[in-house]
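In: sequence unknown, structure follows:
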């Protein structure tokens with residue numbers, strides 16, 4: 001059968017129909033430990049009863065409203081995050097790609113507002129993945145992600161990854177140029 005889905009990956013011949021905690025169950029009833037956590041969006045596992053109940057309760061009241069309006073639950077979550085972290089404010093995004101794009105924009109705006117308009121370059125690391133937008137693949141630079149999407153956006157320099165001394169030397173050399181806005185890392 002030919003899938004109507006755009007073939008963004010070479011998909012494995014598995015079809016999952018449900019999950020239980022950290023486990024995935026395929027259409028043949030086989031269990032697999034979900035070590036990918038649904039590409040990092042299922043950190044709480046699958047089908048947790050409290051999460052399912054909370055989502056159902058919220059969905060029965062209001063699923064989404066534009067951020068042009070106040071969203072009390074979102075404000076409460078932001079207050080909790082600020083109280084438990086180093087942050088003063090919170091900006092919610094829908095995906096990791098949006099978060100990466102926002103980080104690039106915020107870094108460049110930070111230096112622009114301080115009058116250091118030349119500080120626009122973002123240092124990234126070879127082998128990184130920041131998403132599928134044009135800025136995210138430009139940041140990553142890997143040919144398997146960028147082939148066919150050229151020209152890429154300028155303003156990214158990729159450093160070697162995996163050797164602390166090599167990274168340190170490359171980072172020092174790049175920072176001396178005075179045009180670096182940020183170093184972009186993939187969180188674990």
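Out: Sure, I can see it. These numbers were taken from a predicted model, which means no experiment stands behind them. Numbers count the residues shown, from 1 in each chain.
In: Please pull out the lowest mean pLDDT helix or strand from this protein.
Out: helix 37-40 (a mean of 74; mean pLDDT, DSSP states H and E).
In: Mind listing residues that contact it?
Out: 43, 96 (Cβ atoms under 8 Å, 6 or more residues apart in numbering). Just so you know, the C-beta spots here come from the backbone N, C-alpha and C atoms, and that holds for glycine as well.
In: Swap in 10 Å and give it another go.
Out: 16, 19, 22, 24, 43-46, 95-96, 129, 187-188 (Cβ atoms under 10 Å, 6 or more residues apart in numbering).
In: could you point out which element follows that helix?
Out: helix 49-61 (DSSP states H and E).
In: Quick one: mean pLDDT for the helix or strand just after that next one?
Out: Per DSSP H and E, the first helix or strand lying C-terminal to helix 49-61 is helix 72-84. Averaging pLDDT along helix 72-84 gives 96.
In: ok, now stretch 48-66?
Out: Averaging the model's pLDDT scores along stretch 48-66 yields 94.
In: Out of the contacts of helix 37-40, the closest to residue 161 would be?
Out: Nearest to residue 161 among these, counting by Cβ to Cβ, is residue 129 at 11.9 Å.
In: What pLDDT is listed against the residue nearest to the closest one when sequence neighbours are not counted?
Out: Leaving aside its chain neighbours, residue 129 sits nearest to residue 140 (5.7 Å; criterion: Cβ to Cβ, 6 or more residues apart in numbering). The per-residue pLDDT reported for residue 140 equals 93.
In: for residue 151, what are its contacts?
Out: 134, 138.
In: Before I go, just wanted to say thanks for your time.
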